[in-house]
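Visitor: prediction below, plus the sequence it came from.
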Number of protein chains: 2
Amino acid sequence: MKTTAFISAAFATAVCAQNATTFINPAVPTGQPIPGNYSGGLRPQVHFSPPQFFMNDPNGMFVDANGTYHLYYQYNPTGLGAGNQHWGHATSRDLYHWENQQIALFPPEESVFVFSGSAVVDVNNTSGFFPDQTNGVVAIFTLARYYPNAAGPQTQNIAYSHDGGYTFQLYDDNPVIDSTSIHFRDPKVIWYEDHWVAVIAYSQEFAVGIFTSPDLKDWTFASNFSYHGLLGTQYECPNLVKLPVRDSEGAVTSEAYVMTLSVQPGAPLGGSITEYFPGDFNGTHFIPFDSATRLTDFGKDNYAAQYFYGVPDGEDAISIGWASNWQYTQQVPTGNLEGWRSAMTAPRANYLQKADRIGLTMMNKLVDPAPVLDEPLETTSFGNSSLSLDFSDVASNALYIEANVTGINTTLVTGSTTLNLTFTSPASGESLRSGFFFGGDTPFWIDRGLVRGFDNIFFTDKFSAANVYDGGDGTLASWRMQALFDRSICEWFLDGGVQAATVLFYPTQPLTTLSLGSQALPPGATVNVAIWSLKSAWAPYANEQGTVVGNVSSSGEGAAGSRRDMIYEGSFSS
Amino acid sequence: MKTTAFISAAFATAVCAQNATTFINPAVPTGQPIPGNYSGGLRPQVHFSPPQFFMNDPNGMFVDANGTYHLYYQYNPTGLGAGNQHWGHATSRDLYHWENQQIALFPPEESVFVFSGSAVVDVNNTSGFFPDQTNGVVAIFTLARYYPNAAGPQTQNIAYSHDGGYTFQLYDDNPVIDSTSIHFRDPKVIWYEDHWVAVIAYSQEFAVGIFTSPDLKDWTFASNFSYHGLLGTQYECPNLVKLPVRDSEGAVTSEAYVMTLSVQPGAPLGGSITEYFPGDFNGTHFIPFDSATRLTDFGKDNYAAQYFYGVPDGEDAISIGWASNWQYTQQVPTGNLEGWRSAMTAPRANYLQKADRIGLTMMNKLVDPAPVLDEPLETTSFGNSSLSLDFSDVASNALYIEANVTGINTTLVTGSTTLNLTFTSPASGESLRSGFFFGGDTPFWIDRGLVRGFDNIFFTDKFSAANVYDGGDGTLASWRMQALFDRSICEWFLDGGVQAATVLFYPTQPLTTLSLGSQALPPGATVNVAIWSLKSAWAPYANEQGTVVGNVSSSGEGAAGSRRDMIYEGSFSS
């Protein structure tokens, strides 16, 4: 959660208190989800976006014992910019279809906001909150106080849920980690053998504090991870996650930890970026394997990714990031046109692997989009050829594309050996372009500069990633590209996730034709192309008015009560 | 020096050998400078660019006892792309006026090229090459062999000069550091107390080898500096340089070393980038102060900078970088339009300082451009206002601009508080834009997207740097911008070099008007603006045909002989 620029936004949207000990914002619905219309021409159909208003960081992500994924998120339910931060909430069984839930965490007082954090399932009731259950959920998060004219301290607090994460009660003895710092935030908690571990950013000190606890209430400072990677001007949203290390055949050979850090502002591309550090963790100290700086994305629109708590040991981690950038997130046109801002990335499976040329790499493998695949629109193979596809009749305006190039005699690759993928609007002439040069060091590139629905001085047009496919030794090589195209967001995955890019684009007219073509591939090389239309993950839940109302059926009971309990001990009317 | 993509280019330009033991390319002039025409509309007037053809990395930079700066450079004297690498040479007394010299180092054999390296003055004759002089110069450089179809080893070699660096003889017992690696290159040598130190990139192993020598001939491996910073896919052009550490008043408080690394390809912005690491050096091992990754430039066009050897201890270092990016350097329009490609950056003075927000920072302070300043075009002060300037009658089409903003009450700065600087072509409507948001985290930005003379998929349009000026504590702050505008290259320096950007742009028509304006500055703030036209550093040396012939007068004698000696022991005719 970004704070420096947040101050003015927070005050712009804060609503007055009712009295000194109670605070309720009558504009914020309680006990029921906020409804949303997901039919707008820029609204992603297979990505999560909030029903209305402004979203940023993913928070509190965990998967429960029933296999339900819980995604909370920084949420301003009363405005189209950052401020008035709550935790919105959505759930999914498959990571593509999301059901909006009631808001899970509310500001406890006027001018105190719920910033980013995480959640865990306290199966063994270490906290004592859950004497009779194994599915108790504890959220740990930053409360950020904003005095009328200055930022106050940021402290770490917990809340607990007896209903599996739908409603929460604030812990009586908050904060659990006190502070006088105005830049100490975004706790992420994991379990390590016999204790809890939290990583928390001392943002402007360029340090991640590592804390331990037996019970999620009493925390002990253990160590700092400081001055690693690109600093920007702030560290935010650290994660510590255990990942399998896989060999080139995909077999798990060992495990290692990865520390991730989100940096904002001051990324090389401008604004926000996320970097990661593979290493060893012994329960109190994280030691990276090396001093290299590795980035999760070569686009500009993937920040603050979090890793689901509760994924079984030994399996790939699963992460979701905020698909935006603080440089322009509060200006993107979806706000004025459609009443919402920001989507999450598609889910990625993460593991470590030694990649060609660049070595140890955290893979960003697209979680199988099967739940939203419609019929294949096109399945074909060719050497040097191209295809064009009019997908204007695909209701979702969303596609999944795979291009697998096999049998590449790399000694015959030239500077002209390319594969290009372009989406175009016949109506407006806008296009979103990408392509790969197979030869030499020349890279995979993406250009959103010919899409014209958003004019912003920070909306950088071009991105690229160095060529690291398994070429160059004369053997028959292969290369693979996946693209998940979804109205105003497209994600590219190269070679199964060695490199990935998340790119927002805002066309004035829908992009409805696709071209994919190769040239100068060596004899014997084959491009295997498959293109699926995608089923909207939202349309089936819209009512006759086009409104997705979310999970009303199960959200009524505990909600108001838990919110009331969380906020104060008195009474209120809503 | 980039090699992977170089292979095809090298063969494209290599010229056949005369026999097995001699090699001479009749197309390459010896014993005299290559003449150049510096009047083209895209040709920088106060930056160094080669007389003709293609240039990349700066090499061999040293300042001699007379105060003459020697700049060598990777040079293809027969083509407009990389390949056929020689060491071009130019000299300067003031770092702005450069005199072209004859080519200093030539390929010794067919398919063996002179890649990047450095030079030192062997005052004490440690090498034994200079029994009767104190101004002997030794160059150490990579020779890269290209067999007909594959790259051969890269080895480190030396050559020595009795005439102060104008002509060189190859050492008989080369290589001085042998290797079987095809990616081991770019030696940079410094003196440390009682021995020579070389840093050399093991490019694709992401390591810098540190070697020591008593005499520049016998080298001993000492240590590796490995896996630091952004890796890209190759490390290139390391530098190790001692810098003064200055306090906020500018006083030298201590000294430290900085390791710089250039990475290519795979930079976050795409292609090429340079990063640096402040730390301790004990003569054999470099230990960075932290594991942070710091970048020298927030633009995309500053690579492989080298630091002059011979700057007195305790003074600021002086560096010059290659103002381009491998992603597009061989396509920029100056080649076809004007017969040259690539310029060097302006000279920067470098020291370490603790900057606001971001801490220890290598400053990139523009070396005083006084030698090329003409009359001030404009000197004015205002609060919230703007000025427009038609500089179409400035023959050089080059300007130096300073804007010093003082007395900023930072508590009254808003999101609208800005200062903008734009260069425009009235003829074509093209513009090169930049600006600063004083409030919050929002940054300084540059946009070359409205300049239209170069359409390339890698020519990223927008750059930005996070706001780190001394705002935020309520005191009266100040902020300073300098810009050196020179036909097709512009460099920005913020707050005296805390941040710097080098940006190429290729207008179809000259940009000849400037606007500079502020808005929403708090009461009491003053913008002090000074704008100078610049005198061309090249025009005075052009003959009636517009040709700058370079230093013919002093270059004739030793040249052919030294080149002959360097190449082989037989005879040749040219």
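Guide: Looks like it came in fine.
Visitor: for A:Val552, give me its contacts.
Guide: By C-beta atoms under 8 Å, 6 or more residues apart in numbering or on different chains, the contact set of A:Val552 is A:32-33. C-beta here means a position set from N, CA and C on the backbone, and glycine is covered the same way.
Visitor: tell me the residues of the stretch 301-450 of chain A that contact chain B?
Guide: Taking C-beta under 8 Å from any C-beta of the partner chain as the contact definition, the stretch 301-450 of chain A meets chain B at A:326-327, A:357-359, A:415, A:433, A:435, A:440-443, A:445, A:447, A:449.
Visitor: let me fix that: the stretch 101-250 of chain A
Guide: So the stretch 101-250 of chain A meets chain B at A:204, A:206, A:226-234 (C-beta under 8 Å from any C-beta).
Visitor: please name the nearest non-neighbouring residue to A:Gly449.
Guide: A:Asp461 (3.2 Å; C-beta to C-beta, 6 or more residues apart in numbering or on different chains).
Visitor: ranges for the strands of the stretch 401-550 of chain A?
Guide: With DSSP state E, counting those that start in this stretch, the ranges of strands along the stretch 401-550 of chain A come out as A:418-424, A:431-437, A:444-450, A:462-465, A:476-486, A:489-494, A:499-504, A:513-519, A:526-534, A:547-548.
Visitor: now those as CSV including mean neighbour count and mean pLDDT?
Guide: Formatted as CSV, those follow (neighbours: other C-beta atoms under 10 Å in any protein chain shown; pLDDT from 0 to 100):
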stretch, mean neighbour count, mean pLDDT
strand A:418-424, 21, 98
strand A:431-437, 22, 97
strand A:444-450, 22, 98
strand A:462-465, 26, 97
strand A:476-486, 21, 95
strand A:489-494, 25, 98
strand A:499-504, 26, 98
strand A:513-519, 19, 98
strand A:526-534, 20, 98
strand A:547-548, 18, 96
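Visitor: mind checking which of those is nearest B:Ala520?
Guide: strand A:499-504 (28.6 Å; C-beta to C-beta).
Visitor: quick one: residues in contact with that closest one.
Guide: With C-beta under 8 Å, 6+ apart, strand A:499-504 has contacts from A:296-302, A:321, A:323-324, A:332, A:345, A:348, A:364, A:432, A:444, A:446, A:448, A:463, A:465, A:468, A:488-494.
Visitor: so what strands line up beside that strand?
Guide: The strands that strand A:499-504 pairs with in its sheet are strand A:489-494 (antiparallel) (by DSSP bridges).
Visitor: so of the residues of the stretch 101-250 of chain A next to chain B, which ones are in strands?
Guide: A:226, A:228-230 (DSSP state E).
Visitor: tell me the buried residues within the residues you listed.
Guide: For these, a burial check counting by 16 or more other C-beta atoms under 10 Å in any protein chain shown picks out A:228-230.
Visitor: okay if I get the ones in strands among the residues of the stretch 101-250 of chain A next to chain B as JSON lines plus distance to A:Thr406 and pLDDT?
Guide: Output for those, formatted as JSON lines (distance: C-beta to C-beta, whole Å; pLDDT from 0 to 100):
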{"residue": "A:Ser226", "distance to A:Thr406": "46", "pLDDT": "98"}
{"residue": "A:His228", "distance to A:Thr406": "39", "pLDDT": "98"}
{"residue": "A:Gly229", "distance to A:Thr406": "36", "pLDDT": "98"}
{"residue": "A:Leu230", "distance to A:Thr406": "36", "pLDDT": "98"}
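Visitor: circling back to that earlier point, state the pLDDT value of the residue nearest to A:Gly449.
Guide: As predicted, A:Asp461 sits at a pLDDT of 97.
Visitor: give the bridge partners for the spatially closest residue to A:Ala403 that is not a sequence neighbour, please.
Guide: The shortest distance from A:Ala403 to any non-neighbouring residue, by C-beta to C-beta, 6+ apart, is to A:Met481 (4.7 Å). Judged by DSSP bridges, the bridge partners of A:Met481 are A:Ala403, A:Leu494.
Visitor: OK, contacts around A:Met481?
Guide: Applying C-beta under 8 Å, 6+ apart to A:Met481 gives the contacts A:401-403, A:419, A:421, A:436, A:444, A:492-494.
Visitor: and what of A:Ile457?
Guide: B:433, B:435, B:445, B:447, B:462.
Visitor: give me the pLDDT value at it.
Guide: For A:Ile457, the predicted pLDDT is 96.
Visitor: related to what we said a few turns ago, what is the nearest of the contacts of A:Met481 to chain B?
Guide: A:Phe444 (10.2 Å; C-beta to the nearest C-beta).
Visitor: ok, now which ones touch A:Tyr303?
Guide: If you count contacts by C-beta under 8 Å, 6+ apart, then A:Tyr303 has A:57, A:237, A:262, A:264, A:272-274, A:321-322, A:324-326 around it.
Visitor: can you put those residues in CSV and add pLDDT and secondary structure?
Guide: Formatted as CSV, those follow (pLDDT from 0 to 100; DSSP: H, G, I helix; E, B strand; the rest coil):
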residue, pLDDT, secondary structure
A:Asp57, 98, strand
A:Cys237, 98, strand
A:Ser262, 98, strand
A:Gln264, 95, coil
A:Ser272, 97, coil
A:Ile273, 97, strand
A:Thr274, 98, strand
A:Gly321, 98, strand
A:Trp322, 98, strand
A:Ser324, 98, coil
A:Asn325, 98, coil
A:Trp326, 97, coil
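Visitor: most surrounded residue in the residues you listed?
Guide: Each of the contacts of A:Tyr303 was scored for neighbours by other C-beta atoms under 10 Å in any protein chain shown, and A:Cys237 scores highest at 34 neighbours.
Visitor: that one and A:Val199 touch, don't they?
Guide: No - the criterion here is C-beta atoms under 8 Å, and A:Cys237 misses it with A:Val199 at 9.6 Å.
Visitor: quickly list what's touching both of those two.
Guide: With C-beta under 8 Å, 6+ apart as the test, A:Cys237 and A:Val199 both reach A:Lys188.
Visitor: can you pull out the low-pLDDT segments for chain A?
Guide: Low-confidence segments of chain A (pLDDT under 70): A:1-24, A:471-475, A:553-574.
Visitor: domain boundaries for it, per the record?
Guide: Following automatic domain parsing, one gets these domains for chain A: A:4-22+A:46-365, A:369-534, A:543-568.
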